[in-house]
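> fold the following for me, if possible:
(chains A, B, C and D)
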Protein chains: 2
Amino acid sequence: MQPKEILKEHVGKFTSISEEQFQYFFSRFEQRSYRKGQAIITEGDVVDQEFFVLEGCLKTFYINDDIKMFILQFAMPTWWASDYNALYSGSKASVNVDCITDTEVLCLSSKDREEMCKESHDIEHFFRWRTNRGYVASQKRLLSFMNNNTKQRYEELIAQYPELYNLVPKHLIAAYLGVSRETLSRLYHS
Amino acid sequence: MQPKEILKEHVGKFTSISEEQFQYFFSRFEQRSYRKGQAIITEGDVVDQEFFVLEGCLKTFYINDDIKMFILQFAMPTWWASDYNALYSGSKASVNVDCITDTEVLCLSSKDREEMCKESHDIEHFFRWRTNRGYVASQKRLLSFMNNNTKQRYEELIAQYPELYNLVPKHLIAAYLGVSRETLSRLYHS
DNA sequence: TACCGAATGTGACATATGTCACGTGATGCC
DNA sequence: GGCATCACGTGACATATGTCACATTCGGTA
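Residues are numbered from 1 along each chain as shown, chains lettered A, B, ... in the order given. Got it, this is the predicted structure:
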């Protein structure tokens, strides 16, 4: 499927906009290719863009003072990634985004997003529902963190994204679940 | 401060709308009073309203199969509370909302929210930014869960809401932090 | 081919946390 | 006044998890 169609199908899930308006919407995105391992956002960067994944897989992560990595999100196709705290507040990035595999994204600047939201009620509607969905997903993950043990969270993750099992090294899965790689390993080998 | 002024100041933080439009916005809310301990949303309910806290304190919580409570949010004045998963998806409530103290809220139905968002671009803009803020707060809490230990999370919470220290029983603080009340107690008594 | 580094598994041990039990003090209600 | 309930602290112990150390496997590369 072409990038334009992927985005259109995604937008169509939340709102109905005219073909003409979609063309305009799409024209504001810039397509980019990244290689496996490449960084997209690094801690301390000025963040003025967000990324819609067409193909491949990104991770959003945080490195603490003890050099431990925590993964906030794996961004699979049709998911958005950025440092939204920095993006919305104008502060410097406190999290990193990089590529787990070769990845194709559509990139949208904050300036373009806000301009389009101002010009078009429909587009603002789309972004409201996109964030609604993100908020609910984030709340669900929080609840899962408190309520489920590591094994349950692992199985939940793999059930939701079976492709992660072969795509992503286990120590990254562990960093997403918030446990050490040893603990994850012992979950299903003892 | 009057309810109308509290809401107006809150809305003004995210968007600038005309006095006339704000009057209309406000007219769609219904003010309600609840008593300490009273339930506002119970698991299994149909959820078609959200609540803006004017005064007092709510908690949003989940009870798991082992009858353990996990608190997703304390809703202080000018915060919103509901089961947003249920509210946005139309499913039945999976979380509960009740009153920690006597509480005054402004209540808005989903129907009214969506009607107003459709009628008014400015109001849709407001709700987009409200959810943006909620999303960022949720992400921060998730990160805090993974990165900080219980003591750090406790101090972070009290620094953010000093009034909680005297307002809320310690076992509820523990349920927010995701630890047992005994563990919380030992944090600062041993 | 030989070597290196990354990913993974696993044993040993320390630490954090949960669970259960019990005691105390404060509060509210009959 | 007396009783029940709740909030809270704390000791004892089990369990889960982190940390450190080391071995193995596998791909990629010189």
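> so what pLDDT did residue A:23 get?
Per-residue confidence at residue A:23 stands at 97 (pLDDT).
> that one - how many residues pack around it?
Other residues lying near residue A:23 total 12 when counted by other CB atoms under 10 Å in any protein chain shown. In this view, the C-beta of every residue, glycine as well, is placed from N, C-alpha and C.
> over to it. Which of the three states is it?
For residue A:23, the assignment made with DSSP: H, G, I helix; E, B strand; the rest coil gives helix.
> next, residue A:72: secondary structure please.
Secondary structure of residue A:72, per three-state DSSP, is strand.
> how about the spatially closest residue to it that is not a sequence neighbour, what does it touch?
The spatially closest residue to residue A:72, leaving aside those adjacent along the chain, is residue A:60, at 4.6 Å (CB to CB, 6 or more residues apart in numbering or on different chains). The neighbours of residue A:60, taking CB atoms under 8 Å, 6 or more residues apart in numbering or on different chains as the test, are A:71, A:72, A:73, A:75, A:81, A:82, A:83, A:95, A:96, A:97.
> for those, work out which two are farthest apart.
With CB to CB as the measure, no two of those lie farther apart than A:71 and A:82, at 14.9 Å.
> so these two - more neighbours on which side?
A count of neighbours by other CB under 10 Å puts residue A:82 above the other of residue A:71 and residue A:82, at 25 against 21.
> isn't the more buried one right up against residue A:41?
Yes: the pair residue A:82 and residue A:41 passes the contact test of CB atoms under 8 Å, sitting 6.9 Å apart.
> who touches both of those two?
With the criterion set as CB under 8 Å, 6+ apart, the overlap between the contacts of residue A:82 and residue A:41 is A:47, A:97.
> name the residues of the helix or strand containing the residue nearest to residue A:72 that come out as buried.
When secondary structure is defined by DSSP states H and E, residue A:60 falls within strand A:58-63. Of the residues in strand A:58-63, those scored as buried under the neighbour-count criterion (16 or more other CB atoms under 10 Å in any protein chain shown) are A:58, A:59, A:60, A:61, A:62.
> so for the residue nearest to residue A:72, what's the pLDDT?
At residue A:60, the model reports a pLDDT of 96.
> same question, the one 3 residues further on
What the model reports for residue A:63 is a pLDDT of 91.
> is the strand or helix carrying residue A:114 positioned near chain B?
Assigned by DSSP H and E, residue A:114 falls within helix A:110-119. Yes: applying CB under 8 Å from any CB of the partner chain, one finds helix A:110-119 touching chain B at residue A:117.
> counting by contacts, list what the helix or strand just after that helix packs against.
Counting by DSSP H and E, the element after helix A:110-119 in chain order, helix or strand, is helix A:121-147. Counting contacts by 3 or more CB pairs under 8 Å, 6 or more residues apart in numbering or on different chains; DSSP states H and E, the secondary-structure elements packed against helix A:121-147 are helix A:19-27, helix A:110-119, helix A:150-160, strand B:58-63, strand B:69-75, helix B:84-89, helix B:121-147.
> and for the closest residue to residue A:128 other than its chain neighbours, the neighbour number?
Nearest non-adjacent residue to residue A:128, counting by CB to CB, 6+ apart: residue B:128, 4.0 Å away. A count of nearby residues for residue B:128, using other CB under 10 Å, gives 23.
> these two touch, right, residue B:128 and residue A:134?
No: taking CB under 8 Å as the definition, residue B:128 is not a contact partner of residue A:134, at 11.8 Å.
> returning to what we had before: between the buried residues of strand A:58-63, which is closest to chain B?
Checking the buried residues of strand A:58-63 against chain B with CB to the nearest CB, the nearest one is residue A:62 at 5.8 Å.
> how close does the closest one sit to DNA strand D?
Using CB to the nearest atom of the strand, to the nearest Å, one gets 15 Å for the distance from residue A:62 to DNA strand D.
> ok, back up a step: how about the helices and strands packed on helix A:121-147 in JSON lines, adding distance to residue A:91?
Below are these laid out as JSON lines (distance: least, CB to CB, whole Å):
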{"stretch": "helix A:19-27", "distance to residue A:91": "27"}
{"stretch": "helix A:110-119", "distance to residue A:91": "13"}
{"stretch": "helix A:150-160", "distance to residue A:91": "30"}
{"stretch": "strand B:58-63", "distance to residue A:91": "27"}
{"stretch": "strand B:69-75", "distance to residue A:91": "23"}
{"stretch": "helix B:84-89", "distance to residue A:91": "25"}
{"stretch": "helix B:121-147", "distance to residue A:91": "11"}
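> make TSV from those and add distance to DNA strand C to it.
Formatted as TSV, the entries for the helices and strands packed on helix A:121-147 read as follows, by distance: least, CB to the nearest atom of the strand, whole Å:
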stretch	distance to DNA strand C
helix A:19-27	35
helix A:110-119	32
helix A:150-160	12
strand B:58-63	14
strand B:69-75	11
helix B:84-89	24
helix B:121-147	11
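> on that earlier part again, could you dump the contacts of residue A:60 into a markdown table with pLDDT added?
Compiled in a markdown table, the contacts of residue A:60 are given as follows (pLDDT from 0 to 100):
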| residue | pLDDT |
| --- | --- |
| A:71 | 95 |
| A:72 | 95 |
| A:73 | 94 |
| A:75 | 95 |
| A:81 | 98 |
| A:82 | 98 |
| A:83 | 97 |
| A:95 | 94 |
| A:96 | 95 |
| A:97 | 96 |
